[in-house]
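Colleague: give me a 3D structure for the following:
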Amino acid sequence: MGWKKRILACLLAAALAVGALAVGGSAAGGVEIYIVAENDQFVDLPLEAMPTWIDGTLYVPYHVFDWSYAGVNLGVSYGQEQSGSRYVFTLYSLSGTLVFDVNAGTCAEAPSGADMDMRAVVRGSRVFVPLAGVCRYFGLQYSYTPTNYGTLIRITNGQEVMSTARFVDAATNSMRVRYNDYMQQLSAASATPRPTPTQGGTDSPEPSETGSRRLTAALAFQCEGDGAQALLDALEGANVRALFLFDPDALAANEAAVRRAIGSGHTVGLSVSGASERALLEQAEAGRAWLEERLFFRPHILWTQGAETTAPEEAGWTCWTADVDARDDGRGKSAQRVALLGELEGWQGRVNVLLDDSQAVTGYLSQALSQMARAGYSFRLTVETDL
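Modeller: Numbering: from 1, shown residues only. Here you go, the predicted structure:
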């Protein structure tokens, strides 16, 4: 059994390395828990086959495209051939074929031979392939959905019955069981006590010895500039997840930050403003279209900055509102940090806190998060089903 423990320990170490971007209540020691579903069915993967980030790209084991393993036929099949130093892995459907030369680190379309600018990797004895690239090629859709029990990766081919929001709501118990199973495996491998979901979850820790009241802060950040990466750094350091509200016009300039936020288990929504509800909807739909085309991600949360929400809600958006507005007001960062903490002292229960990506906020955020934690406050990730 010793060799098995050593292998599992190595796998855990690798997961810790690639999971550095993952933060929040579904993480154990920095390892983000990913649960995979296809259409309306879960795919049960062992711990060592959990999706993982490699060089900023999310990889999944080829098993998710193997209908005999996954139990769902997405219309994609696989084949592999090993001969001497050559290792070729193939994914194919009626629409085309991807040929991965595993050892060379290349991928070509057959029979054209066109370079597809992606690669397959081997972890343990399993081949992992890039989720976004494979789904894009075969016309599949996928989504990241942060939940109280890990991040749900759902792959669909148009034959799904439930929306992702309905699926998450209906499958909460199943996700909890899978989450707990992963956590038990991680706990056994690392010989540390298994934590329970707190950050971003429904359970809140007891207040610290400071005697502070219970308060759960749901943080949201309006992102219109270039400070999103700094916000992500601060949140990662504090093991907190948050809602990121991107201006549709700022999405392209912040593409790397948006990818990182989604992959790290944060919630991504849109921030819009306009003189009419039609203008709001046009902005929102433009932002959604960009995210779907570029990142295969469909946002559902919208902040209208105080404008009427009837039309967006009728169009299927879930509208978010702030309880505390702590965006940059021009004062020094120390003054703004003190003001934020002072305003939170007047709250109990859950409070939606709005900040932004200004230099002032990014400058004081790490210190504010530390002070809030010492005061016994907990943090909750905002997801669509909360609103």
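Colleague: just give the closest residue to A165, not the sequence neighbours.
Modeller: E384 (5.4 Å; Cβ to Cβ, 6 or more residues apart in numbering). All C-beta atoms are positioned from the backbone trio N, CA, C, and that covers glycine.
Colleague: ok, P312 - contacts?
Modeller: Applying Cβ atoms under 8 Å, 6 or more residues apart in numbering to P312 gives the contacts 277, 280-281, 284, 302, 304, 319.
Colleague: report the contact partners of the residue nearest to A165.
Modeller: 165, 267, 300-301, 318.
Colleague: measure it to Q348 for me?
Modeller: Distance, E384 to Q348, by Cβ to Cβ, to the nearest Å: 25 Å.
Colleague: the stretch 51-200 of the chain: strands as residue ranges?
Modeller: Taking DSSP state E, counting those that start in this stretch, the strands of the stretch 51-200 of the chain run over residues 52-54, 57-61, 77-83, 86-93, 96-101, 106-110, 121-123, 126-130, 141-147, 150-156.
Colleague: quick check: which of those strands is nearest to Y377?
Modeller: Checking those against Y377 by Cβ to Cβ gives strand 141-147 as the closest, at 19.8 Å.
Colleague: what is the closest one packed up against?
Modeller: Helices and strands touching strand 141-147, by 3 or more Cβ pairs under 8 Å, 6 or more residues apart in numbering; DSSP states H and E, are helix 131-138, strand 150-156, helix 164-170.
Colleague: can you add mean neighbour count, mean pLDDT and distance to T216 and give the strands of the stretch 51-200 of the chain back as CSV?
Modeller: Converted to CSV, the strands of the stretch 51-200 of the chain look like this (neighbours: other Cβ atoms under 10 Å; pLDDT from 0 to 100; distance: least, Cβ to Cβ, whole Å):
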stretch, mean neighbour count, mean pLDDT, distance to T216
strand 52-54, 20, 86, 28
strand 57-61, 22, 92, 29
strand 77-83, 12, 84, 45
strand 86-93, 17, 91, 44
strand 96-101, 19, 94, 45
strand 106-110, 16, 95, 45
strand 121-123, 16, 87, 37
strand 126-130, 20, 93, 36
strand 141-147, 22, 91, 16
strand 150-156, 23, 94, 20
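Colleague: can I get those in a markdown table with distance to V36?
Modeller: Below are the strands of the stretch 51-200 of the chain laid out as a markdown table (distance: least, Cβ to Cβ, whole Å):
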| stretch | distance to V36 |
| --- | --- |
| strand 52-54 | 12 |
| strand 57-61 | 7 |
| strand 77-83 | 16 |
| strand 86-93 | 16 |
| strand 96-101 | 20 |
| strand 106-110 | 22 |
| strand 121-123 | 15 |
| strand 126-130 | 12 |
| strand 141-147 | 10 |
| strand 150-156 | 5 |
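Colleague: circling back: same list, the helices and strands packed on strand 141-147, but as CSV with distance to A242 please.
Modeller: Below are those laid out as CSV (distance: least, Cβ to Cβ, whole Å):
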stretch, distance to A242
helix 131-138, 23
strand 150-156, 14
helix 164-170, 19
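Colleague: between these, which one is nearest to D323?
Modeller: helix 164-170 (23.0 Å).
Colleague: where do the helices sit along this structure?
Modeller: Under the criterion DSSP state H, the chain carries helices at the ranges 2-18, 67-70, 131-138, 164-170, 172-190, 228-238, 255-263, 277-295, 310-314, 333-344, 359-374.
Colleague: from the contact counts, what lies against the fifth one?
Modeller: Right, the one you point to is helix 172-190. Under the contact definition 3+ Cβ pairs under 8 Å, 6+ apart, helix 172-190 sits against helix 2-18, strand 27-28, strand 34-38, strand 150-156.
Colleague: same thing but at 6 Å, please
Modeller: Counting contacts by 3 or more Cβ pairs under 6 Å, 6 or more residues apart in numbering; DSSP states H and E, helix 172-190 is packed against helix 2-18.
Colleague: and the average pLDDT for the helix it packs on is what?
Modeller: Here helix 2-18 scores 43 as its mean pLDDT.
Colleague: just stretch 220-237 next, same as before
Modeller: Rounded mean pLDDT across stretch 220-237 is 93.
Colleague: contacts only, for V76.
Modeller: 65, 91, 93, 138 (Cβ atoms under 6 Å, 6 or more residues apart in numbering).
Colleague: in TSV: these, plus distance to S77.
Modeller: Shown next, in TSV, are the contacts of V76 (distance: Cβ to Cβ, whole Å):
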residue	distance to S77
F65	8
L91	7
S93	7
F138	11
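Colleague: out of those, what pair is the most spread apart?
Modeller: Across these, no pair lies farther apart than F65 and S93, at 9.3 Å, counting by Cβ to Cβ.
Colleague: between the contacts of V76, which is closest to N103?
Modeller: Within the contacts of V76, the smallest distance to N103 is 17.0 Å, found for L91 (Cβ to Cβ).
Colleague: what's the closest non-adjacent residue to the closest one?
Modeller: In space, and not counting its chain neighbours, L91 is closest to L98: 4.7 Å by Cβ to Cβ, 6+ apart.
Colleague: before we move on, what about T151?
Modeller: Sequence neighbours aside, G265 is the residue nearest to T151 in space, at 4.8 Å (criterion: Cβ to Cβ, 6+ apart).
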